[in-house]
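Visitor: Sequence and predicted model, in that order:
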Amino acid sequence: MPVEPQDITGGKSVYCFNQKQLDGAFGLFEEASEDGDALRREVERLEQSLPRNQRAALAFVLIDRLSKTIEESTG
């Protein structure tokens, strides 16, 4: 029996990013460096291997795990 994809759009806002954080992330992604190269390779790999909904789910899981890591290390 096929499994229906789960819609992860819409709903209450949970995470907030400021412009400085977003600019920093894109700056690192776009810069000519080992870090930038690694990020671009990984994004390309994920975009080729996962459908959009799975990439979105992964992004949310990573953001949640990162926010909890920050809370644990500062709290």
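Guide: Arrived safely.

Visitor: Can you name the helix or strand that the residue nearest the centre of the chain falls in?
Guide: Central residue of the chain (C-alpha atoms, centre = their mean): A59, 3.1 Å from the mean position. Assigned by DSSP states H and E, A59 belongs to helix 52-74.

Visitor: so what does that helix touch, helix or strand wise?
Guide: Counting contacts by 3 or more C-beta pairs under 8 Å, 6 or more residues apart in numbering; DSSP states H and E, helix 52-74 is packed against helix 34-49. No exception for glycine: its C-beta is placed from N, CA and C like everyone else's.

Visitor: Could you list the alpha-carbon positions for the helix it packs on in PDB?
Guide: What follows is helix 34-49 as a C-alpha-only set of coordinates in PDB (Å, rounded to 0.1, in the frame of the first residue of the first chain):
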ATOM      1  CA  GLU A  34      37.100  24.400   1.700                       C
ATOM      2  CA  ASP A  35      34.000  25.100   3.800                       C
ATOM      3  CA  GLY A  36      32.100  26.600   0.900                       C
ATOM      4  CA  ASP A  37      33.100  23.700  -1.400                       C
ATOM      5  CA  ALA A  38      32.000  21.100   1.200                       C
ATOM      6  CA  LEU A  39      28.600  22.800   1.700                       C
ATOM      7  CA  ARG A  40      28.000  23.100  -2.100                       C
ATOM      8  CA  ARG A  41      28.900  19.400  -2.600                       C
ATOM      9  CA  GLU A  42      26.600  18.300   0.200                       C
ATOM     10  CA  VAL A  43      23.700  20.400  -1.000                       C
ATOM     11  CA  GLU A  44      24.100  19.100  -4.600                       C
ATOM     12  CA  ARG A  45      24.300  15.500  -3.300                       C
ATOM     13  CA  LEU A  46      21.100  16.000  -1.200                       C
ATOM     14  CA  GLU A  47      19.300  17.700  -4.000                       C
ATOM     15  CA  GLN A  48      20.100  14.800  -6.300                       C
ATOM     16  CA  SER A  49      19.300  12.000  -3.800                       C
END
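
Visitor: Going by contacts, tell me the helices and strands next to that helix.
Guide: Right, helix 34-49 is packed against helix 19-30, helix 52-74 by 3+ C-beta pairs under 8 Å, 6+ apart.
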